[in-house]
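Chemist: Below is the structure, and that's it, no one-letter string:
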C-alpha cells in the first residue's frame with residue numbers, strides 16, 4: 001500500500017512539471033555558456049592585440065567588448081522578463 005501511494009505521488013509530481021520552466025532553465029544555461037564564451041573572446045582579443053598590432057586593433061577591441069556587453073544585457077533581460 002505504501003509503495004502504491006509513493007508511486008502515485010511520484011507520477012503526480014512528474015505530470016505536474018511545468019515545461020515552460022524547464023525550457024527557461026535550459027535557455028538560461030545556454031545564455032550563461034554564451035556569456036562565458038563572449039568573455040573568452042574579449043580575453044583572446046586582448047592577448048592577440050598585445051602580440052599583433054594592426055589597423056583593426058582598436059576596432060576589434062570595441063567589437064569584442066560590445067559583444068560581451070550585449071551578451072550580459074541579453075542574459076539579464078532574459079533572467080528578469082522571460
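Modeler: It's in. Given the structure is predicted, the values throughout are model-derived calculations rather than measurements.
Chemist: quick one, phi psi at residue 48?
Modeler: Backbone torsions of residue 48, given as degrees, to the nearest 10, read phi -70, psi -40.
Chemist: Please read the previous query as pertaining to residue 53.
Modeler: phi -110, psi 140.
Chemist: What is the neighbour count of it?
Modeler: The tally of other residues near residue 53 (other Cβ atoms under 10 Å) stands at 9. Placement of C-beta: from N, CA and C, glycine included.
Chemist: And for the one 5 residues further on?
Modeler: The number of residues packed near residue 58 is 10, by other Cβ under 10 Å.
Chemist: ok now the one helix or strand it maps to, how far from the chain's centre?
Modeler: Here residue 58 is covered by helix 57-81, with elements defined by DSSP states H and E. Put simply, helix 57-81 sits 12 Å off its chain's centre (Cα atoms, centre = their mean, to the nearest Å).
Chemist: for stretch 44-62, same thing?
Modeler: 26 Å.
Chemist: what's it in contact with?
Modeler: residue 64 (Cβ atoms under 8 Å, 6 or more residues apart in numbering).
Chemist: And that stretch, what's buried?
Modeler: Within stretch 44-62, the residues scored as buried using 16 or more other Cβ atoms under 10 Å are 45, 49.
Chemist: End to end on that stretch, go ahead and measure it.
Modeler: Taking Cα to Cα, to the nearest Å, stretch 44-62 runs 13 Å from one end to the other.
Chemist: Just give the nearest non-adjacent residue to residue 75, would you?
Modeler: Residue nearest to residue 75 in three dimensions, not counting chain neighbours: residue 31, with 4.7 Å by Cβ to Cβ, 6 or more residues apart in numbering.
Chemist: pLDDT (mean, whole number) over the helix or strand hosting that neighbour?
Modeler: In the assignment (DSSP H and E), residue 31 maps to helix 19-51. Mean pLDDT, computed over helix 19-51, is 94.
Chemist: Now that helix: buried residues?
Modeler: Result for helix 19-51 [16+ other Cβ under 10 Å]: buried residues 31, 35, 38, 41, 42, 45, 49.
Chemist: and those residues as TSV, adding distance to residue 58?
Modeler: As requested, the buried residues of helix 19-51 are exported to TSV (distance: Cβ to Cβ, whole Å):
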residue	distance to residue 58
31	28
35	24
38	18
41	16
42	14
45	11
49	8
